[in-house]
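> fold the following, please.
(chains A and B)
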Amino acid sequence: GIQVEQSPPDLILQEGANSTLRCNFSDSVNNLQWFHQNPWGQLINLFYIPSGTKQNGRLSATTVATERYSLLYISSSQTTDSGVYFCAVGNYGQNFVFGPGTRLSVLP
Amino acid sequence: DGGITQSPKYLFRKEGQNVTLSCEQNLNHDAMYWYRQDPGQGLRLIYYSQIVNDFQKGDIAEGYSVSREKKESFPLTVTSAQKNPTAFYLCASSPSRRSHYEQYFGPGTRLTVT
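Sure thing, here's the model as predicted:
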């Protein structure tokens, strides 16, 4: 099955800093989502991005499907950005496979 | 107010008892899913359902059972056969599974078995 890696596993930032999170996957995919899991456990949809680039406020994401990776950019980070960021990938008719996550801590 | 609800938020049970976790969605989604998350880990798929009265095992189905009698509801039973039932359980739904599909998650249920 598809293998998903995320890097870095842990990231500590000062408020206001920028960061880039990476998701690598082992095979071609049709579906890719980025999620933020907040401290209460809720998984929040950030982007559905099987290819291309999207932006939503301070967050943006880029997926290069031919090279099997996706990047999540967080600019001007805030303490509320803390939590775990998951990448999930899959193909039509198949289940999503989740990566292990990147744990982000933003310090005031 | 559309979304996915899970109840209860916290659940405590004694070892040897079956327990049922509720998941309801009013998004009119065809597909529903149950995931398990252990501390510091990613999500693993337990069961999924693409249509009423049909469901399929995921990667870690042993010790769990589900039903899908209504489109809106997909309850998960954690049976006494599940060896390590203490975990965070997340329910999700998506419009379909046939092409592009985006999953949406409920708030989760934390189950503790002692």
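> now stretch A:19-38: mean pLDDT?
The average pLDDT for stretch A:19-38 rounds to 96.
> dump that stretch to CSV, keeping only the CA atoms.
Coordinates of each C-alpha in stretch A:19-38 appear next as CSV, following Å, rounded to 0.1, in the frame of the first residue of the first chain:
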residue,chain,number,x,y,z
SER,A,19,7.3,27.3,8.5
THR,A,20,7.1,24.7,5.9
LEU,A,21,5.7,21.2,6.5
ARG,A,22,6.3,18.4,4.0
CYS,A,23,4.4,15.3,3.1
ASN,A,24,6.0,12.6,0.9
PHE,A,25,4.1,9.6,-0.5
SER,A,26,5.3,6.5,-2.2
ASP,A,27,2.9,6.2,-5.1
SER,A,28,0.7,8.4,-7.4
VAL,A,29,-2.5,9.6,-5.7
ASN,A,30,-5.8,11.3,-6.8
ASN,A,31,-6.7,12.6,-3.4
LEU,A,32,-4.7,14.5,-0.8
GLN,A,33,-5.9,16.4,2.2
TRP,A,34,-4.2,18.5,4.9
PHE,A,35,-5.7,18.5,8.4
HIS,A,36,-5.0,20.4,11.6
GLN,A,37,-5.7,18.5,14.8
ASN,A,38,-6.3,21.0,17.6
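> what about it, distance to the chain center?
The chain centroid and the centroid of stretch A:19-38 are separated by 5 Å, computed with C-alpha atoms, centre = their mean, to the nearest Å.
> which residues of chain B lie near chain A?
Residues of chain B lying near chain A by C-beta under 8 Å from any C-beta of the partner chain: B:33, B:37, B:41-45, B:48, B:58, B:88, B:90, B:92, B:97-105, B:107-108, B:110. Where C-beta positions appear, they are placed from N, C-alpha and C, glycine not excepted.
> how about 10 Å then?
B:9, B:33, B:35, B:37, B:40-45, B:48, B:50, B:56, B:58-59, B:88, B:90, B:92, B:94, B:96-110 (C-beta under 10 Å from any C-beta of the partner chain).
> and the residues you listed, which are buried?
B:33, B:35, B:37, B:42-45, B:48, B:50, B:58, B:88, B:90, B:92, B:94, B:97, B:101, B:103-109 (16 or more other C-beta atoms under 10 Å in any protein chain shown).
> could you measure from A:Gly57 over to chain B?
Using C-beta to the nearest C-beta, to the nearest Å, A:Gly57 is found at 19 Å from chain B.
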